[in-house]
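Engineer: Have a look at this fold, sequence not included:
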């Protein structure tokens, strides 16, 4: 009978955390700033200069005479400009596409090679130019008899190949992976620090003593973690939603595509990463008696978290390496390493599922361990409490 009542008291604490922190100007302004910053990161690079748009078109393979002039005429009709370059080999032209020297490569007059994805406007422009050249050549060869009109007007079949920026991992994928890891690290760190300072503040002002007169220490710990986590999840989800909408709204050929499943996994890994680190932050926060001592008390977990962040970034160049794979399964590093690997390479479905389950199991274990430390330290005051003393104290009060 005590378990449902305990959860009810924990949710009361969680609701208090959400209500009090959501009202602060710091939280409100940080939300506005984060949303505007995300919009700026996505939208600003796509803003070009005023005036006619300039396209860069490359040619390789068999190039029909007059192709460049035909493309230029089509661009002029569309109130655009075009710069054309002829490459000696298809490989040289494709490398130019990857290096962003040209926007599209026309190969043998029948295939368009793109860097990230096909641009419908530019694709139609080049296709119309190729069609015009084909009609001209056919008319010169065979005449304009009625029987040949259908053949002269037959459309040219075009195929689209996405090459990527390099033979290996695409630059846009690296950008997405990098910012995903940064976003996860900052979010989990910020909300974990909120749990840390909240625990110390309530201990220093003796608010914890009042609340503990009506509930158990673990219920107070659970409520604080759940409340701040729910608020953080809402803010994090808003930032992710803003990024997704902004990427969809930007009509830029270089805007990276991010699968919906990856957005969902980012939210999942935020929840798991926050849960993992927040309960530890709360336990270490209980060891300090003043807000000024909070950072030094939580230094060990901050170092572990930062090391995990650096380790995740080190996998940018080799997401399929053994080290990157191992890091994506270890609970302290999985919340940042696994999303990075999922962005950069093809990861079997079982791997993120298994890593998530392993991290969730470690969170459950940490709740037991951190709850015992929290219980043994939250009511002690004075100098910084040794971890061993808090652990034994938790046994007595558990």
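Structural biologist: Thanks, I have it. Just so it is clear, the structure is predicted and the values come from calculations on it, not from any experiment. Residues are numbered from 1 along each chain as shown.

Engineer: Assign residue 279 to helix, strand or coil.
Structural biologist: helix (DSSP: H, G, I helix; E, B strand; the rest coil).

Engineer: residue contacts, the closest residue to it other than its chain neighbours?
Structural biologist: Among residues not flanking residue 279 along the chain, residue 370 sits closest, at 4.3 Å (Cβ to Cβ, 6 or more residues apart in numbering). C-beta: built from backbone N, CA, C; applies to glycine. Contacts for residue 370 (Cβ atoms under 8 Å, 6 or more residues apart in numbering) come out as 221, 279, 280, 282, 283.

Engineer: can you pick the most crowded of these?
Structural biologist: With neighbours taken as other Cβ atoms under 10 Å, the top of the contacts of residue 370 is residue 283, carrying 32 neighbours.

Engineer: Pretty sure that one sits in a strand.
Structural biologist: No. Looking at residue 283 with three-state DSSP, it is helix, so not inside a strand.

Engineer: Let me know the helix or strand that the residue lying closest to it once chain neighbours are set aside is in.
Structural biologist: Once flanking residues are discounted, residue 283 sits nearest to residue 370: 3.7 Å by Cβ to Cβ, 6+ apart. Per DSSP states H and E, residue 370 falls inside helix 350-377.

Engineer: How far off centre is that helix?
Structural biologist: 24 Å (Cα atoms, centre = their mean, to the nearest Å).

Engineer: Tell me which residues of it come out buried.
Structural biologist: Buried residues in helix 350-377, counted by 16 or more other Cβ atoms under 10 Å: 352, 355-356, 359, 362-363, 366-367, 370-377.

Engineer: How about stretch 279-297?
Structural biologist: Those would be 279-289, 293-294, 297, for stretch 279-297 by 16+ other Cβ under 10 Å.

Engineer: and which of those is nearest to residue 18?
Structural biologist: residue 282 (16.4 Å; Cβ to Cβ).

Engineer: domains for the chain, by residue range?
Structural biologist: Listed domain ranges for the chain are 2-44+169-397, 48-162 (source: automatic domain parsing).

Engineer: residues making contact with stretch 230-245?
Structural biologist: By Cβ under 8 Å, 6+ apart, the surrounding residues in contact with stretch 230-245 are 14, 17-18, 21-22, 27, 30-31, 34-35, 38-39, 41-42, 183, 187, 190-191, 194, 258, 260, 263, 266-267, 270-271, 274.

Engineer: repeat for stretch 15-30
Structural biologist: Under Cβ under 8 Å, 6+ apart, the answer for stretch 15-30 is 194, 198, 223, 224, 226, 227, 228, 230, 231, 235.

Engineer: Tell me which of those residues fall in helices.
Structural biologist: Under the assignment DSSP state H, the contacts of stretch 15-30 contribute 194, 198, 223, 224, 226, 227, 228, 230, 231, 235 to helices.

Engineer: List buried residues within these.
Structural biologist: With burial judged by 16+ other Cβ under 10 Å, the buried subset of the ones in helices among the contacts of stretch 15-30 is 194, 198, 223, 224, 226, 227, 228, 230, 231, 235.

Engineer: who's in contact with the nearest residue to the first one once chain neighbours are set aside?
Structural biologist: Pointing back at residue 194 there. Residue nearest to residue 194 in three dimensions, not counting chain neighbours: residue 228, with 5.2 Å by Cβ to Cβ, 6+ apart. Residue 228 makes contacts with 17, 21, 191, 194, 195, 198, 278, as judged by Cβ under 8 Å, 6+ apart.
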